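Chemist: Sharing a model prediction with you, sequence too.
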Amino acid sequence: MATKKSFKMNLIYALLIVIAVIITSGSAYAYHLYSTAEKLVEDNHESTGRENETSQLRTEKVNPIEDNVSILFIGIDERDPSEQSRSDALILATFNKAEKSIKLLSIPRDSYMYIPAVERYTKVNHAHAYGGPLASIETIEEFFQIPIDYYVRLNFDAFVDVVDALDGIYYDVPFQISEMDSNDQADAIQLEEGYQQINGEEALALARTRKYDSDVQRGIRQQEIVTAIASKATQLSSVLKLEDVLVAIGDNMRTNFTFQEITSFSSYMINSSINIEKINLEGAGGYLDNGGWYYQVAEQSQQEITDQLRKHLGLPAVYSTNELTEDNPIHP
């Protein structure tokens, strides 16, 4: 059976909970939606196992109401609950309170990285299979020297229903595609090139395919689809659909966020001038001596993005002489 290469809309799933509370405030529906979201987060709360839920790259626990923070969004294709799944999509997001800005970094799933959980190098998407969210967190922290404060993990089952709950999204399809659907039915999804409305199955096919370009371009498409869903979710016409979105998420989410912490991100969502910047790693793919194919991130790209994200968090640079910014004094 072909393996699904699903894309988990990690960032949007988490923020939709906040949106649902904000844009419907002051009504009975808002109270119901707020309670539903609160229960969803409480039921799906899962600790990383770190002391005080704090990265070793922090000197103290962050407070998302006051501090710049980071979130690792982990998408998995968990069809067999008896197996620890590999991650299918990884997006690292940093949030800057003073700038009201978000940076999104898509990490190619085949990136060659050191996995602390098993003390060896392999593909970054193997980390989750070796040790769940904590192993993925430690791997990304090791590679970028970026403290990861929170994680949100979602599996494949929620994706199609979430997009369909919003009555689809608009997206500029870059090429004609013929792909399998979520049930692995070959060529069930047919899309022509061009700007159009797409449903959940079609969005999934676009987000998971790699045969038309590359893993890097796949990451870029995922970022674009995230932005498209964010745009649709924040439209007034989507208000009454948010409960369906929460139902679609259901038990498919795990996070170390508390509900109070996740609602602190409301300042980002009510700011109409919020800036979401999409950044990507440069590198090249190829076979190593062990016979495996890996994406090797260029050292310069790794260093530049490390310092860029650390600066966005208000942390001192590792590879340059940039000073610590004043808006977030928490540092290693």
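Modeler: Looks like it arrived, so ask away. Numbering: from 1, shown residues only.
Chemist: All the strands of the stretch 151-300 of the chain, residue numbers only.
Modeler: When assigned using DSSP state E, counting those that start in this stretch, the strands of the stretch 151-300 of the chain occupy the ranges 169-173, 177-179, 189-191, 194-198, 253-255, 275-280, 283-287, 293-297.
Chemist: Please name every helix or strand in contact with the third one.
Modeler: Spelled out, it's strand 189-191. When contacts are defined as 3 or more Cβ pairs under 8 Å, 6 or more residues apart in numbering; DSSP states H and E, strand 189-191 sits against strand 177-179, helix 200-208. C-beta: built from backbone N, CA, C; applies to glycine.
Chemist: if we can go back for a sec, and of the strands of the stretch 151-300 of the chain, who's closest to Leu240?
Modeler: In terms of Cβ to Cβ, the element of the strands of the stretch 151-300 of the chain nearest to Leu240 is strand 169-173, at 17.1 Å.
Chemist: Which strands border that closest one, and is each parallel or antiparallel?
Modeler: strand 194-198 (antiparallel) (DSSP bridges).
Chemist: got the angle for the partner strand vs helix 200-208?
Modeler: Compare the direction of strand 194-198 with that of helix 200-208 by axes from the mean of the first three to the mean of the last three Cα atoms, to 10 degrees and you get 130 degrees.
Chemist: got the contact list for strand 194-198?
Modeler: Contacting residues not belonging to strand 194-198 are listed as 163, 168-173, 191, 206 [Cβ atoms under 8 Å, 6 or more residues apart in numbering].
Chemist: Please report the distance of Tyr319 from Asn63.
Modeler: Using Cβ to Cβ, to the nearest Å, Tyr319 is found at 28 Å from Asn63.
Chemist: what residue ranges in the stretch 151-300 of the chain score low on pLDDT?
Modeler: For the stretch 151-300 of the chain, the stretches flagged by pLDDT under 70 are 156-157, 234, 236-239, 266-273.
Chemist: redo that, cut-off 80
Modeler: For the stretch 151-300 of the chain, applying pLDDT under 80 flags the ranges 155-159, 214-215, 226-227, 230-231, 233-243, 265-274.
Chemist: List the residues that contact Asn52.
Modeler: Contacts of Asn52 by Cβ under 8 Å, 6+ apart are Lys61.
Chemist: Would you verify that it is located in a helix?
Modeler: Yes. Assessed by DSSP: H, G, I helix; E, B strand; the rest coil, Asn52 belongs to a helix.
Chemist: Quick check: which element contains the residue positioned nearest the centre of the chain?
Modeler: Nearest to the mean C-alpha position of the chain, counting by Cα atoms, centre = their mean, stands Phe73 at 3.2 Å. Per DSSP states H and E: Phe73 is located in strand 69-76.
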